[in-house]
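1. Got a sequence here, can you model it:
(one chain, ligands or ions: 3)
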Amino acid sequence: MIRRTQSIPTTPAQVQLLEQRTMPAGNVTVSISSEVLSMRGDEADNSVVINQLANGTIEIKGLSGTRINGKTSIKLNGAGLKSTDLRLFGGNDKLDIRNLKASVDHNIEMDQGNDQVLLTGVSAGVNLTVKTDAGNDTVTAKNVRTGSDFNIETEEGTSNVSVKGSTVGGSLTILGKDARDQVTVDTTRADKDLKINTGKGDDVVNLKTLEIGLTATITTDEGRDSILVSRVTTDEDFNVEAGKDDDRIQLVNLTSKKNIKVVADGGRDTVIGTKVRAQYDLEFLGGDEFDTLDDNGIVGGQKRDLKEFERIT
Ligand SMILES: [Ca+2]
Ligand SMILES: [Ca+2]
Ligand SMILES: [Ca+2]
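-> Ligands and ions are numbered 1, 2, ... in the order given. Below you'll find the predicted structure:
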C-alpha cells in the first residue's frame, strides 16, 4: 500500500481517504439549488446543527470536529426554501434541526450506525420523512408542523422515537422493526391516521393527550410489549394488536367516535380499561392463555364484547 502511493500519483480518492484519517468527525457538504437544501455526510461520525433564523438565513454548524464545506460553520440564504434532502450516511451521526421551514418536503436519511435526529420547531408544507436505517437510533420531534404526512422509519436495531407538541395535517406514521422500540407521542394532533408498528421485540408505546382525525392503529407484534394510552380521542376507529407473548395494555380516558378493538393475542396478557368509550362497537379479545381484564368503565354505545379473558375484575 505504501509502495503504491509512492509510485502512483495521488488520486482524488486517496486524498479523501487521507482527509478522513485526519478528520475523524468528517466533512459534510451542503448546498442550495432551486430552493432545495442538500446535505451529504460521509462515513465518519458527523454532528451537525441546522438553525433557521426569522429572516430566512440558515446557519449550519459542525460539532465535535465535523466540518461543513471544510469550515466550522456556514450561512446560507434559505428564504423561500422548498425542500430539504439531508443525508449523513454511515457512522454514528447526530443531526439537530431547529426552526427549519420548507414549503414542500423535508427528507432526512441517516443510514447505518447509531444515529440521533432532533427536530425542534421544524415545519414542512407537505411531508416530513425521517429514515434512520439500521442501528440504535433516536428521533425526537418537538413542535413539528406538517401540512400532510409525518413519517418516521427506524428499521433494524432498537429505537427511541418521541413526538411532542406537534401538528400533523395528514397521517403520523412511526415504524420500528424486530428489536426493542420505544415510542412516545404526547400532546399532538393528526388530522388523518396515527399508525404505529414496532415489529417484534419488547416494545414500549406511550400515547398521551392526542386527537386523531381518522383512525389510530397500534401494532406491537411478538414480544413482551407495554402499551399505555391516556387522554386520546379518535374520530374513527381505535385499534390495538399486541401480538404473542405477555403484554400489558393500559387504556385511560380513551374515546372513539366509532369503534374500539383491542387484541391482546397469545401470552398471559393484562388489559386495564378506565373510562374507555366507543360510540358504536367495542371489542376486547384476550387471546390464548390466561388473560386478565381490569374493567374500570369500558363502554360500547351499540355493542360491548369482552372475550377470551380468564379473569375480569
Ligand atoms: Ca456519517
Ligand atoms: Ca441508523
Ligand atoms: Ca420492535
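2. List, one by one, the residues from this structure near ligand 1.
-> Of all the residues in the chain, those in contact range of ligand 1 (CB under 5 Å from the ion) are G41, N46, L88, F89, G91, D93. No exception for glycine: its C-beta is placed from N, CA and C like everyone else's.
3. who touches the third one in this structure?
-> This points to L88. With contact set as CB atoms under 8 Å, 6 or more residues apart in numbering, L88 has these partners: V28, M39, G41, N46, V48, L95, E109, M110, D111, D115.
4. rerun at 6 Å
-> Applying CB atoms under 6 Å, 6 or more residues apart in numbering, one finds that L88 lies in contact with G41, N46, M110.
5. Report the buried members of the residues of the chain next to ligand 1.
-> When burial is judged by neighbour count using 16 or more other CB atoms under 10 Å, the buried members of those are G41, N46, L88, F89, G91, D93.
6. what about the nearest residue to N99 once chain neighbours are set aside, distance to ligand 3?
-> The spatially closest residue to N99, leaving aside those adjacent along the chain, is G121, at 4.4 Å (CB to CB, 6 or more residues apart in numbering). From G121 across to ligand 3, the span is 29 Å (CB to the ion, to the nearest Å).
7. Just give me the neighbour total for G121.
-> As a burial measure, the neighbour count of G121 was computed by other CB atoms under 10 Å and equals 17.
8. Repeat that for the one 10 residues further on.
-> Number of residues near K131 (other CB under 10 Å) recorded here: 20.
9. what do you get for the one 4 residues further on?
-> Using other CB under 10 Å as the criterion, G135 is surrounded by 21 other residues.
10. in terms of contact, does it touch E156 like I think?
-> No. G135 is not in contact with E156 according to CB atoms under 6 Å; the separation is 7.7 Å.
11. mind checking which helix or strand the closest residue to ligand 2 within the chain is in?
-> Taking CB to the ion as the measure, the point where the chain comes nearest ligand 2 is G135, at 3.2 Å. Per DSSP states H and E, G135 falls between elements, in no helix or strand.
12. tell me the contacts of it?
-> Remark: with contacts taken as CB under 6 Å, 6+ apart, G135 is in contact with Q112, G113, N114, G157.
13. From A179, how far off is it?
-> With distances defined as CB to CB, to the nearest Å, the gap from G135 to A179 amounts to 10 Å.
14. between these two, what contacts are shared?
-> Residues within reach of G135 and of A179 at once, by CB under 6 Å, 6+ apart, are G157.
15. Up against ligand 3, what does the chain have?
-> Counting by CB under 5 Å from the ion, the residues of the chain near ligand 3 are G176, D181, T198, G199, G201, D203.
16. picking up where we left off before, among the buried ones among the residues of the chain next to ligand 1, which are in strands?
-> When these are checked against strands (DSSP state E), there are no matches.
17. Save those residues as JSON lines, and put in distance to ligand 2 and pLDDT too.
-> As requested, those are arranged in JSON lines below (distance: CB to the ion, whole Å; pLDDT from 0 to 100):
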{"residue": "G41", "distance to ligand 2": "12", "pLDDT": "97"}
{"residue": "N46", "distance to ligand 2": "12", "pLDDT": "97"}
{"residue": "L88", "distance to ligand 2": "9", "pLDDT": "97"}
{"residue": "F89", "distance to ligand 2": "10", "pLDDT": "96"}
{"residue": "G91", "distance to ligand 2": "9", "pLDDT": "95"}
{"residue": "D93", "distance to ligand 2": "8", "pLDDT": "97"}
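18. Name the nearest of those residues relative to ligand 3.
-> Using CB to the ion, D93 is the member of those that lies nearest ligand 3, at 21.7 Å.
19. Any stretches of the chain with poor pLDDT?
-> By pLDDT under 70, the low-scoring segments of the chain are 1-24.
20. What segments of it are helices?
-> 2-7, 12-22 (DSSP state H).
21. Can you name the residue of the stretch 201-313 of the chain nearest to ligand 1?
-> Of all residues in the stretch 201-313 of the chain, G201 sits closest to ligand 1, at 25.5 Å by CB to the ion.
22. And for that residue, the neighbour number?
-> Other residues lying near G201 total 20 when counted by other CB under 10 Å.
23. ok, it - contacts?
-> The contact partners of G201, by CB under 6 Å, 6+ apart, come to D178, A179, R180, G223.
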